[in-house]
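Participant: Here you go, sequence then predicted model.
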Amino acid sequence: MKRPGKNSIYERGIALITVLAISFILLGILIILMAEAYNHMGRALKYNSDARALTIAEYGVQKAIYELEEDLTWAGVTDKPFSRGSYTVIVVNNFTNPDPKGTVPANSIWVKSTGEFANGKFKKTVEVILSYQLIPYAAISDGRLEMRGTNPLTFKLKAIPGFTGKIHSNYNSASLKYDPSYPNFFDMLNVKTLDIDGTTFSSSGTISAACGTDINTAGGTVITSSSLDKSIPPLTYSDVKPAKGLTRLDQYAPPGVTFAGKIRKSAGGDLEALCSTPLGKVWFSVTAPFLPDGMSWNRATSTLKVSGNLKYYNDEDFEIENINLEVDENSEAAMYVDGCIKFNNMGFVALNGYTLASQSDIEFNNTTFRMDAPNDKRAVAIFCGEDFTINTSSTDAPSGGNYLKGAIYIKDGAFKINNYCALAGSDNSIAMEGVIISGGNTGGEGIIVNNEGSSDFNFSLLYNPHLARTLITSSPMNIQLQPVFWRVY
């Protein structure tokens, strides 16, 4: 028998080393693959756990929206509705309780919801800024909506960022206010330009074919259906008028003299008031001792200036004529009149908020106006028991046009604009920011814009739901919240 040689032993040694080397390599690869598999499993487990924590945090946000829509004073909660998860919600409400640090936008609600899973091992936080809508319409009415006139006009409807302006009419053939002479319940009879930014126009009745075509061409949408009736929030004069803290306009009237509801500039340039006396109604010159608190008269500029945050009250009609009424920029005054309010041949400026409330009508006749207010303060509010009518001057307009920012609420009446201004350019305009609500009058009118002036007339409406907060009273109202900012970390 032949013995194996050295080469055979060497070869077998090399083979063994090779097998061992390959085995170690394969073992290393296996270890790497197993480690990677465990890493994948760990990442998958973490992803799954993070997703559960995020879902819990989002649940907290939805819980906050639900609770805040029911009760705006809701301040947050910590809860564990899940077997392995819990959440904590923190709320800073810059609507009911302004944020002292100024980090939360005005009229908004900041919600921070932190979701935890597996006993706090996994956490996710969602931050949301909620904005709210008390009224989801730029204009809504139980009466007809019309834009008409001898001369054409331009109509613009926009909305503040995060919202879309919508217009709706409940006026239909089933309505008690139905007028067969007006077969169309939303119509634009003489509009030369529509700038409506994707607005939805809806009606429980009908929208004329020509009007519908114009709206669609301008990028809007038309919806009509007898089932489209939208509820208008209930509001009455007694809801708006404060029960106490009122300052009577005749608080300093002399004995035996009662204010009869009219003030004007006399031929000599003085302020005078019509008063009832035992001898009948007489015009009296109003000097400083007889002016109500917070009011002063500037004879040189024919201006009655209002300062402070007083709430004025008159139990009859109230009429102002041939003067300028100016509310101080630091004032948030208000006026409540049990009768009607008439502004005749005058200018009205209120740049920090002013409330006009009438149990009857409000009329602006040959009157220019600039009524403004910051979003973080009480806005200008108009309340009418009946019609609110604006009859513009044929020869006068403020620089930049007439402007009113705030909520307009008309209980049983119409909102009517009759433009007689014949000027050319941007001054011949009326701009509204906020919401317009009209219950409609007995003639079926709801929101009526009539241009008898020049074809340069521009009527614009900017939907700002934040300003509807001026309508909050003891009457129940639905609040709709929607996120305008969302951050996850």
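Facilitator: Yes, it's here.
Participant: quick one, helices of the stretch 201-350 of the chain?
Facilitator: Here the stretch 201-350 of the chain has its helices, by DSSP state H, counting those that start in this stretch, at 209-217, 237-240.
Participant: In PDB, list the C-alpha atoms belonging to the first one.
Facilitator: In this case it means helix 209-217. C-alpha atoms of helix 209-217 as PDB (Å, rounded to 0.1, in the frame of the first residue of the first chain):
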ATOM      1  CA  ALA A 209     -79.600  81.200 -16.500                       C
ATOM      2  CA  ALA A 210     -77.600  84.300 -17.500                       C
ATOM      3  CA  CYS A 211     -76.400  84.900 -14.000                       C
ATOM      4  CA  GLY A 212     -75.400  81.200 -13.700                       C
ATOM      5  CA  THR A 213     -73.500  81.400 -16.900                       C
ATOM      6  CA  ASP A 214     -71.700  84.600 -15.800                       C
ATOM      7  CA  ILE A 215     -70.800  82.900 -12.400                       C
ATOM      8  CA  ASN A 216     -69.400  79.800 -14.100                       C
ATOM      9  CA  THR A 217     -67.500  81.800 -16.600                       C
END
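Participant: which strands and helices sit next to it?
Facilitator: Secondary-structure packing of helix 209-217 (3 or more CB pairs under 8 Å, 6 or more residues apart in numbering; DSSP states H and E): strand 186-188, strand 191-195, strand 221-224. In this view, the C-beta of every residue, glycine as well, is placed from N, C-alpha and C.
Participant: which of those strands sits most buried?
Facilitator: Per-stretch averages of neighbours, counted by mean count of other CB atoms under 10 Å, single out strand 186-188 among the helices and strands packed on helix 209-217, with a mean of 24.
Participant: Show residues contacting that strand.
Facilitator: For strand 186-188, contacts defined as CB atoms under 8 Å, 6 or more residues apart in numbering pick out 144-148, 155, 167, 169, 171, 194, 201, 203, 205-208, 210-211, 214-215.
Participant: beta partners of residue 402?
Facilitator: On the basis of DSSP bridges, residue 402 is bridged to residue 430.
Participant: Next up, the contacts around it.
Facilitator: Contacts of residue 402 (CB under 8 Å, 6+ apart): 368-370, 390, 392, 429-431.
Participant: 7 Å - rerun?
Facilitator: When contacts are counted by CB atoms under 7 Å, 6 or more residues apart in numbering, residue 402 touches 368-369, 429-430.
Participant: between these, which is closest to residue 450?
Facilitator: Within those, proximity to residue 450 (CB to CB) peaks at residue 430, which comes in at 11.7 Å.
Participant: Would you check how far apart the closest one and residue 296 are?
Facilitator: If you measure residue 430 against residue 296 using CB to CB, to the nearest Å, the figure is 29 Å.
Participant: Tell me which of those two has more neighbours.
Facilitator: residue 430 (22 against 14; other CB atoms under 10 Å).
Participant: for this protein, which spans come out with low pLDDT?
Facilitator: 1-7, 42, 95-102, 106-107, 133, 173-184, 375-379, 469-479 (pLDDT under 70).
Participant: mind giving me the domain split of this structure?
Facilitator: Per automatic domain parsing, the domain ranges recorded for the chain read 7-134+484-488, 139-249+292-471.
Participant: circling back: format the helices and strands packed on helix 209-217 as CSV; extra columns: distance to residue 381.
Facilitator: CSV is the format used below for the helices and strands packed on helix 209-217 (distance: least, CB to CB, whole Å):
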stretch, distance to residue 381
strand 186-188, 26
strand 191-195, 27
strand 221-224, 29
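Participant: Compare these and give me the one nearest residue 70.
Facilitator: Judging those by CB to CB, what sits closest to residue 70 is strand 221-224, at 29.0 Å.
Participant: centre of the chain versus that closest one, how much separation?
Facilitator: 22 Å (CA atoms, centre = their mean, to the nearest Å).
Participant: Sheet-wise, list the partners of that strand with their directions.
Facilitator: As defined by DSSP bridges, the strand partners of strand 221-224 come to strand 200-203 (parallel).
Participant: Check what contacts the strand it pairs with and list those residues.
Facilitator: With CB under 7 Å, 6+ apart as the test, strand 200-203 has contacts from 166-169, 185-186, 207, 215, 220-224, 228.
Participant: which one's the longest strand in the chain?
Facilitator: strand 122-133 (DSSP state E).
Participant: And that strand, what's buried?
Facilitator: 122-133 (16 or more other CB atoms under 10 Å).
Participant: which strands and helices sit next to the helix or strand following it?
Facilitator: The helix or strand immediately downstream of strand 122-133 is strand 139-141, counting by DSSP states H and E. Applying 3 or more CB pairs under 7 Å, 6 or more residues apart in numbering; DSSP states H and E, one finds that strand 139-141 contacts strand 166-169, strand 429-438, strand 445-451.
Participant: Can you redo those strands as TSV, where the extra columns are distance to residue 264?
Facilitator: As requested, the helices and strands packed on strand 139-141 are exported to TSV (distance: least, CB to CB, whole Å):
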stretch	distance to residue 264
strand 166-169	38
strand 429-438	25
strand 445-451	28
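Participant: Mind checking those strands for the one nearest to residue 418?
Facilitator: strand 445-451 (4.9 Å).
Participant: Adjacent strands (with direction) for that closest one?
Facilitator: Here, using DSSP bridges, strand 445-451 pairs with strand 144-149 (parallel), strand 415-419 (parallel).
Participant: Residue 401: which of these is closest?
Facilitator: strand 415-419 (10.7 Å).
Participant: Just want the angle from the closest one to strand 429-438.
Facilitator: When axes from the mean of the first three to the mean of the last three CA atoms, to 10 degrees is applied, the directions of strand 415-419 and strand 429-438 differ by 160 degrees.
Participant: From the contact counts, what lies against the lengthiest helix in the chain?
Facilitator: The longest helix of the chain (DSSP state H) is helix 6-70. For helix 6-70, the contact count by 3+ CB pairs under 7 Å, 6+ apart identifies strand 85-93, strand 108-117, strand 122-133, strand 480-488 as packing neighbours.
Participant: one step back: next, format the contacts of strand 200-203 as a markdown table and append distance to residue 399.
Facilitator: A markdown table is the format used below for the contacts of strand 200-203 (distance: CB to CB, whole Å):
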| residue | distance to residue 399 |
| --- | --- |
| 166 | 31 |
| 167 | 29 |
| 168 | 34 |
| 169 | 34 |
| 185 | 37 |
| 186 | 33 |
| 207 | 36 |
| 215 | 32 |
| 220 | 31 |
| 221 | 36 |
| 222 | 36 |
| 223 | 39 |
| 224 | 40 |
| 228 | 41 |
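Participant: Quick test: name the residue nearest the centre of this structure.
Facilitator: residue 465 (1.5 Å; CA atoms, centre = their mean).
Participant: I'd like to know how far that residue sits from residue 108.
Facilitator: 11 Å.
Participant: again, but for residue 272
Facilitator: 47 Å.
Participant: got it, and residue 84?
Facilitator: 33 Å.
Participant: sorry, back to before: winner for burial among the helices and strands packed on helix 6-70?
Facilitator: Greatest burial across these, using mean count of other CB under 10 Å, falls to strand 108-117, with a mean of 22.
Participant: and the direction of it versus that of strand 85-93, what angle?
Facilitator: 170 degrees.
Participant: now strand 108-117: how far from the chain's centre is it?
Facilitator: 25 Å.
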